[in-house]
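1. Just a sequence and a predicted model for now, questions to come.
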Amino acid sequence: MAKFHGAVVVNTERCKGCRLCVVACPCNVLNLKEKEVNDRGYHFAYMEQPELCIGCQSCAMVCPDACIEVYRASAKPSPWR
């Protein structure tokens, strides 16, 4: 069975920091930037642990402002294993 790696791209200027994506992520990949804010004054979501992302798209589905895009790629096993 192939494993998948994902990448989450957040439109940081549209993100209002509602934390719905953080709660929805089954792999605890996302968090909010605590020391940075966007132009509207909100702490925004980012990939805190990108190596754990499986590309499940749970975060994008719950985002009320549609500011999350998820990309998914299969990780091919090494032929030397």
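-> All right, it came through fine. Numbers count the residues shown, from 1 in each chain.

2. check contacts around I54.
-> I54 makes contacts with 3-6, 26-27, 72, as judged by CB atoms under 8 Å, 6 or more residues apart in numbering. Where C-beta positions appear, they are placed from N, C-alpha and C, glycine not excepted.

3. Distance check, it against V70.
-> I54 is 10 Å from V70, where distance means CB to CB, to the nearest Å.

4. Quickly list what's touching both of these two.
-> Listed as contacting both I54 and V70 by CB under 8 Å, 6+ apart are G6.

5. give me the low-pLDDT residue ranges for the protein?
-> For the chain, residues meeting the criterion pLDDT under 70 lie at 1-2, 75-81.

6. again, only using 90
-> 1-4, 73-81 (pLDDT under 90).

7. Show me the helices in this structure, by range?
-> For the chain, applying DSSP state H gives helices covering 20-24, 58-62.

8. now these as a markdown table including distance to E13 and mean neighbour count?
-> A markdown table is the format used below for these (distance: least, CB to CB, whole Å; neighbours: other CB atoms under 10 Å):
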| stretch | distance to E13 | mean neighbour count |
| --- | --- | --- |
| helix 20-24 | 16 | 18 |
| helix 58-62 | 17 | 18 |
